[in-house]
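Enquirer: prediction below, plus the sequence it came from.
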Amino acid sequence: MSNLAEVVIVIVIVVAIILQTLCGYIGNKYLGAILPLCFLGLVGVFLFKGVLGFNFRDITMPLLIFIFLLARYEAGKRSKAKRIKRELEKMKAKDISNNN
């Protein structure tokens, strides 16, 4: 593979990870489902065309990538929940200090 192709692949992977995390942060389930479903569709096409076989590696790697995409979505959701919790704690602390 040429260096340009490798760079493009790395950029696509990084953008996919960022997009999936952002969808989780936003909390939109439909946007968060697009990338994993497209990936499963692409794997299905590769299986149908014969590019991927029914061996251990060709089944487990797409499954692990699918699970990783779902985990990135959940990580985005947890990140937003954590930020909201911190903000609420700050507001409560400020409210307590203003009342005294």
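Expert: Received, thanks. Given the structure is predicted, the values throughout are model-derived calculations rather than measurements.

Enquirer: got a list of what I9 touches?
Expert: By CB atoms under 8 Å, 6 or more residues apart in numbering, no residues touch I9. (Glycine included, C-beta is placed from N, CA and C.)

Enquirer: following element in sequence after the helix or strand where it lies, please.
Expert: For I9, the host element (DSSP states H and E) is helix 3-26. Downstream of helix 3-26, the first helix or strand assigned by DSSP H and E is helix 29-49.

Enquirer: and that next one with helix 3-26, angle?
Expert: 140 degrees (axes from the mean of the first three to the mean of the last three CA atoms, to 10 degrees).

Enquirer: check which element follows helix 29-49 along the chain.
Expert: helix 56-99.

Enquirer: pLDDT on that next one, on average?
Expert: Averaging pLDDT along helix 56-99 yields 88.

Enquirer: who are the packing partners of that helix?
Expert: On a contact count with 3 or more CB pairs under 8 Å, 6 or more residues apart in numbering; DSSP states H and E, helix 56-99 meets helix 3-26, helix 29-49.

Enquirer: to F56, which of these lies closest?
Expert: helix 29-49 (14.1 Å; CB to CB).

Enquirer: mind listing what L40 touches?
Expert: Going by CB under 8 Å, 6+ apart, the list of residues near L40 reads 62, 66.

Enquirer: same question, I26
Expert: G76.

Enquirer: let's see that with 10 Å instead.
Expert: 32, 76-77, 80 (CB atoms under 10 Å, 6 or more residues apart in numbering).

Enquirer: kindly report the same for L70.
Expert: 20, 24, 32-33, 35-36.

Enquirer: export only the CA atoms of the helix holding I9, formatted as CSV.
Expert: The C-alpha coordinates for helix 3-26 follow below in CSV (Å, rounded to 0.1, in the frame of the first residue of the first chain):
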residue,chain,number,x,y,z
ASN,A,3,1.9,6.0,2.0
LEU,A,4,-1.1,8.1,0.9
ALA,A,5,-3.5,5.3,1.1
GLU,A,6,-2.3,4.5,4.6
VAL,A,7,-2.7,8.1,5.7
VAL,A,8,-6.2,8.2,4.3
ILE,A,9,-7.2,5.0,6.1
VAL,A,10,-5.8,6.4,9.4
ILE,A,11,-7.7,9.6,8.9
VAL,A,12,-11.0,7.7,8.1
ILE,A,13,-10.6,5.6,11.2
VAL,A,14,-9.9,8.7,13.4
VAL,A,15,-12.9,10.6,12.0
ALA,A,16,-15.1,7.5,12.5
ILE,A,17,-14.0,7.3,16.2
ILE,A,18,-14.6,11.0,16.7
LEU,A,19,-18.0,10.9,15.0
GLN,A,20,-19.1,7.9,17.0
THR,A,21,-18.0,9.6,20.3
LEU,A,22,-19.7,12.8,19.3
CYS,A,23,-23.0,11.0,18.5
GLY,A,24,-22.9,9.5,22.0
TYR,A,25,-22.1,12.9,23.5
ILE,A,26,-25.1,14.4,21.7
